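Student: okay, predicted coordinates and the sequence, questions at the end:
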Amino acid sequence: MVEKKEEDNTQKISTLLEDLLLLERYIKDLFTFFPLPVCFVSPLGVIFEVNPAFEKAIGYTSYEIVGRPIENFFEKEKMEAMTKEILKSGNIEAREISFFAKEGKKINVSVFGQTRKNEQGETTGFFLGFFDLTNIKKTESDLQNTQIALLNMLEDIEESRKRAEEEKNKTEAIISNFTDGILVFNESNKISLVNPQAEKFFGVSNKSMAGKSILELSVFPELEPIVNLVGTEIKGISRKELSIRDSLILEVSSIPILKEEEKIGSLIIIHDITREKMIEKMKTEFVSLAAHQLRTPLSAIKWTLRMLLDGDLGEITSEQRDFIEKTYVSNERMITLINDLLNVTRIEEGRYLYKPVSSDIAPIIQFVINSYKDEYARKKIKLDFEAPKKPLPKVSIDVEKIKLAIQNFLDNALKYTPAGGEVSIFLKNISIKKEIQLGVKDNGVGVPKNQQDRMFNKFFRAANVLGIDTEGSGLGLFITKNIIEAHGGKIWFESEEGKGSTFYFSLPAKEEFTEFLEEF
Amino acid sequence: MGEEINEEIVKELMKIKGEARGVHLKNDGDFVLKEKGKEGIEKLERELEKLGCPIKYGEINQFDFYPAGMRIVSLLAIKKTFGWPNEKIEELGTYAMQVSWIIKLFAKYFFSIERTFKEASKIWSKYFTIGEIEVGDYDLSKKYAVLKLKNFNLHPVYCRCLKGVLLGVVRMIVKSEEITCEETECFFRKGNDHKFLIKW
Amino acid sequence: MSKKILLVEDEEILINILSKKLTKEGYEVAIARNGQEGLESMRKDKPDLVLLDVVIPKMSGFEVMEEMNKDEKLRKISVIIVSNSGQPVELDRAKKLGAKDWLIKTDFDPQEVVEKVRNNFK
């Protein structure tokens, strides 16, 4: 019986031993695995046990650590205080402290502590665990730096934004206050900006125009003239005049906005030229008035001198004749100038009116040529007219004015060809173009290349002829151009300095015979 | 008794009455492993086989009870195999204290000196089925204590080991850099019991 | 007997020149300085020819001609008008009102006047 009991006991002991071993192994495995440093510290502050992670973190073996006071490895005062606190309150969490690993390496850690009590409730010691804050601290530091950098960037951005805002405000202020009207179209040819002046010109509000294309704008009757003028799409740079109401004359410029060769929008600038036009009108009126006023005295001088020369006021000596003749010629020149000026003002005021009649041009040309025969002969310049062989179609012309044009050509050829030169006139029918072309060719002084583009300007006289003929008014070609263009014709010339010039004009030919009088 | 060890002595030692917990033997193995590595263990185990007391340190169950004499065999074998002086045995004892599971389980006693001394005999009984420990004279202010060990006369080598052990224990409960332990009386030196004077 | 010419003109210098010239040619020259004076002079002393300026005070040359056409006695008198500008409008109107010839003030010289007068009397 006793043996059985002993056997049982032995069995029980065996079982207990086994369990103990298993338990111990489990605890050991857990402790070994635990990746964070943990130690067990006696209430006196002596380290009883450490796990492998602790050994690794501190760099000492457990043999070197166990039995040593915990303050040895941490900041002394801080750890003493922490130990007191843990023993008092039972636990601490996330306290920061530095510990000193082997070779004095200082590491920032966050400490957790928890006491153990026995059955009697007495504290038998505490667990202390920590984790390395180095990375966290570094991340924190990095974050802070990044934050500062971001703040700086934000400040810079804010600065830039403010400046951009200021610029924008400035630009807006400029555009709003711009005395010209501005319409801006974006890449899809819709309105993106209308400034106050433009609104005023057309009496249409910015809001009602915003985002509309040119075509859509045509629903506004006030904008019709602009729409027509500009066309459906603004391609190149153009400038046109527009009259809106009697009192407002506008100059409309359309300009494509380019960014590196690509069109990103268009701009229409509307400039009020009412005043300029008015001033021009006043100028013309003044010239007209002055010329008219000058005519009478000049005529009076002409008649008086004539009478003197004709001997109606008594005999005159040859010396007196000489002087009086020169004065007469000078006066005639002034009268011509005045007449030219008046013609110019009439052209500008639209009063240079034409009475077109269907005519044969050849006899008219011949008539004018005949009237110049003497003068050409006097200067010993050969004058040739090559009349066409076949009859030419009629042209609808104001005969008097066309005569003036032909006279101007012959006048210039005569003036600017030296003695002994040649002038030839040819008349052609360019049936493909339905035109009649007249050319007057001379071998005179010609026109320098750099002066050629201004030949038809008012009062323009080429530099190279100022020495030859100081008397020209510079209005001849201007008037001639006006006459030819009013007939629907074209005027042009070819010239080479020192070699000569050929002046041309063309007139549209009429195929049928129609005659009409234009009364005004 | 000398430090020698042979088969006969082993047999004698194994006859000693009394048992000690396996933890001691395990600690021996751990110390040797730490100091001499795997080869050391192998060497030691071979020696033990030769002596007729084959101990496999890896198979020791620290919770189990083993013949008290076996520990002595282990200690002597270790001394012989590696030629370690007695100081090294002391070191072994201190080491044992430090890494012993007993410490962990009985850490509850080690939170104050008084407590430790009070419970000293209880602690002893966990380790051994023979012998008693008694706290004699002690003065905390003067920083000394005397511990008496009775009825534990196994082998002088044990005394050295115990010295180390006591040193280790006191270290746990006292914060001092200067802890000393001396055997002031020893049975093997014509004393009645073993007395250890611990100063700190 | 010399032919009588009535000169209706308000510009002094022209009066001087024309009367001098015409007198030299052997004509008798009467002068009226405005339209009304002109008509009165015509009625008093019927001229053979009237040199009529278009732009004159009190009554324009055209109005004078209209009056003349209404009057039996005056209708048949030849008129040469003196046009200021030579604009077709003026000349046409003059023609319609019965002017025989015209002179353009800015263009002519006194000799031309004499010739036109002589022509008229041919």
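Tutor: In hand now; what should we look at?

Student: in stretch A:408-423, what counts as buried?
Tutor: A:408-417, A:421, A:423 (16 or more other CB atoms under 10 Å in any protein chain shown). No exception for glycine: its C-beta is placed from N, CA and C like everyone else's.

Student: not counting sequence-adjacent ones, nearest residue to the residue nearest to the spatial centre of chain C?
Tutor: What sits nearest the mean C-alpha location of chain C, by CA atoms, centre = their mean, is residue C:51, with 1.4 Å. Using CB to CB, 6 or more residues apart in numbering or on different chains and skipping the chain neighbours, the partner closest in space to residue C:51 is residue C:7 (4.9 Å).

Student: what's the local residue count around the one you found?
Tutor: The local packing of residue C:7 (other CB atoms under 10 Å in any protein chain shown) involves 24 other residues.

Student: part of a helix, is it?
Tutor: No. Counting by DSSP: H, G, I helix; E, B strand; the rest coil, one finds residue C:7 to be strand, located in no helix.

Student: that one bridge partners, please.
Tutor: Note on residue C:7: beta-bridge partners by DSSP bridges are residue C:31, residue C:51.

Student: could you check how far it is from chain B?
Tutor: Plainly put, residue C:7 is 153 Å away from chain B if you go by CB to the nearest CB, to the nearest Å.

Student: roughly how far does that residue sit from chain A?
Tutor: Taken as CB to the nearest CB, the span from residue C:7 to chain A is 14 Å.

Student: residues in contact with that residue?
Tutor: Shown in contact with residue C:7 (CB atoms under 8 Å, 6 or more residues apart in numbering or on different chains): C:15, C:18-19, C:22, C:29-32, C:51.

Student: that older thread, between which two of the buried residues of stretch A:408-423 is the distance greatest?
Tutor: Taking CB to CB, the two most distant members of these are A:408 and A:421; they sit 18.2 Å apart.

Student: count of neighbours near residue B:160?
Tutor: 22.

Student: any idea of the mean pLDDT in whichever strand or helix holds residue C:79?
Tutor: Secondary structure assignment for residue C:79, by DSSP states H and E: strand C:78-83. For strand C:78-83, mean pLDDT is 89.

Student: same deal with stretch B:26-43?
Tutor: 88.

Student: how far does that stretch sit from its chain's centre?
Tutor: How far stretch B:26-43 lies from its chain's middle: 16 Å, per CA atoms, centre = their mean, to the nearest Å.

Student: one more: stretch A:363-374?
Tutor: Relative to where its chain is centred, stretch A:363-374 has its mean C-alpha point 56 Å off (CA atoms, centre = their mean).

Student: average pLDDT across that stretch?
Tutor: Rounded mean pLDDT across stretch A:363-374 is 91.

Student: before we move on, back to that, next secondary structure after the strand holding residue C:79?
Tutor: helix C:88-96.

Student: please name every helix or strand in contact with that next one.
Tutor: Other elements packing on helix C:88-96 under the criterion 3 or more CB pairs under 8 Å, 6 or more residues apart in numbering or on different chains; DSSP states H and E are helix C:61-70, strand C:78-83.

Student: now those as TSV including distance to chain B and mean neighbour count?
Tutor: Below are these laid out as TSV (distance: least, CB to the nearest CB, whole Å; neighbours: other CB atoms under 10 Å in any protein chain shown):
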stretch	distance to chain B	mean neighbour count
helix C:61-70	144	19
strand C:78-83	142	23
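
Student: tell me, how many residues neighbour the nearest residue to residue A:305 once chain neighbours are set aside?
Tutor: Excluding its sequence neighbours, the residue lying closest to residue A:305 (CB to CB, 6+ apart) is residue A:328, at 4.5 Å. Residues within reach of residue A:328, counting by other CB under 10 Å, total 18.

Student: read off the pLDDT value for residue A:328.
Tutor: pLDDT for residue A:328: 91.

Student: and residue A:252, by the same measure?
Tutor: 84.

Student: look up phi and psi at it.
Tutor: Residue A:252 adopts backbone torsions of phi -110, psi 120, taken as degrees, to the nearest 10.

Student: can you check residue C:114 too?
Tutor: phi -60, psi -40.

Student: that one and residue C:20 touch, don't they?
Tutor: No. Residue C:114 is beyond contact range of residue C:20, at 11.1 Å (criterion: CB atoms under 8 Å).

Student: which parts of the stretch 101-250 of chain A sit against chain B?
Tutor: Residues of the stretch 101-250 of chain A that fall close to chain B, judged by CB under 8 Å from any CB of the partner chain: A:116, A:118, A:122-125.

Student: pull out the buried members of those.
Tutor: By 16+ other CB under 10 Å, these give A:116, A:123-125 as buried.

Student: just those now: which is nearest chain B?
Tutor: residue A:124 (3.7 Å; CB to the nearest CB).

Student: against residue A:299, how distant is that closest one?
Tutor: From residue A:124 across to residue A:299, the span is 142 Å (CB to CB, to the nearest Å).

Student: now do residue A:433
Tutor: According to CB to CB, residue A:433 and residue A:299 sit 44 Å apart.

Student: the two: who's more crowded?
Tutor: More neighbours surround residue A:299 than the other of residue A:433 and residue A:299, with 24 against 12 (other CB under 10 Å).

Student: a strand runs through the more buried one, doesn't it?
Tutor: No. Counting by three-state DSSP, residue A:299 is not found in a strand; it is helix.

Student: give the contact list for it.
Tutor: Neighbours of residue A:299 in contact, by CB under 8 Å, 6+ apart: A:335, C:14, C:105-106.

Student: next one, pLDDT for it please.
Tutor: Value listed for residue A:299 in the pLDDT field: 83.

Student: CSV for the contacts of residue A:299, including pLDDT, secondary structure and neighbour count?
Tutor: Shown next, in CSV, are those (pLDDT from 0 to 100; DSSP: H, G, I helix; E, B strand; the rest coil; neighbours: other CB atoms under 10 Å in any protein chain shown):
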residue, pLDDT, secondary structure, neighbour count
A:335, 86, helix, 17
C:14, 84, helix, 21
C:105, 80, coil, 21
C:106, 71, coil, 19
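
Student: name the nearest of those relative to chain B.
Tutor: Nearest member of the contacts of residue A:299 to chain B, counting by CB to the nearest CB, is residue A:335, at 135.9 Å.

Student: burial of residue 16, as a residue count?
Tutor: Just going to use chain A. Counted with other CB under 10 Å, residue A:16 comes out at 12.

Student: should've been chain C
Tutor: Applying other CB under 10 Å, I find that residue C:16 has 14 neighbouring residues.

Student: tell me which element it falls in.
Tutor: Element membership for residue C:16, per DSSP H and E: helix C:12-25.

Student: please identify the buried residues of that helix?
Tutor: If you call a residue buried by 16+ other CB under 10 Å, then helix C:12-25 has these buried ones: C:14-15, C:17-22, C:25.

Student: with stretch A:81-93 instead?
Tutor: Buried-residue list, stretch A:81-93, by 16+ other CB under 10 Å: A:82-83, A:86-87, A:92.

Student: show residues contacting it.
Tutor: Residues contacting stretch A:81-93 (CB under 8 Å, 6+ apart): A:41, A:43, A:45, A:70-71, A:95, A:97, A:111-115, A:123, A:126, A:128.

Student: re the thing from before, which of the buried residues of stretch A:81-93 fall in helices?
Tutor: Among the buried residues of stretch A:81-93, the ones falling in helices (DSSP state H) are A:82-83, A:86-87.

Student: which ones among the residues of the stretch 101-250 of chain A next to chain B are found in helices?
Tutor: Per DSSP H, these never map to helices.

Student: dump those to TSV, plus distance to residue A:58.
Tutor: Output for those, formatted as TSV (distance: CB to CB, whole Å):
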residue	distance to residue A:58
A:116	22
A:118	28
A:122	29
A:123	24
A:124	23
A:125	19
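
Student: what helix or strand is residue 170 on?
Tutor: Because you didn't say which chain, this covers chain A. Using DSSP H and E, residue A:170 falls in helix A:134-177.

Student: if you could check chain B rather than the one you did, that'd help
Tutor: helix B:156-173.

Student: give the rounded mean pLDDT of the helix or strand just after that helix.
Tutor: Note on helix B:156-173: by DSSP H and E, the next helix or strand toward the C-terminus is strand B:180-185. Mean per-residue pLDDT for strand B:180-185: 80.
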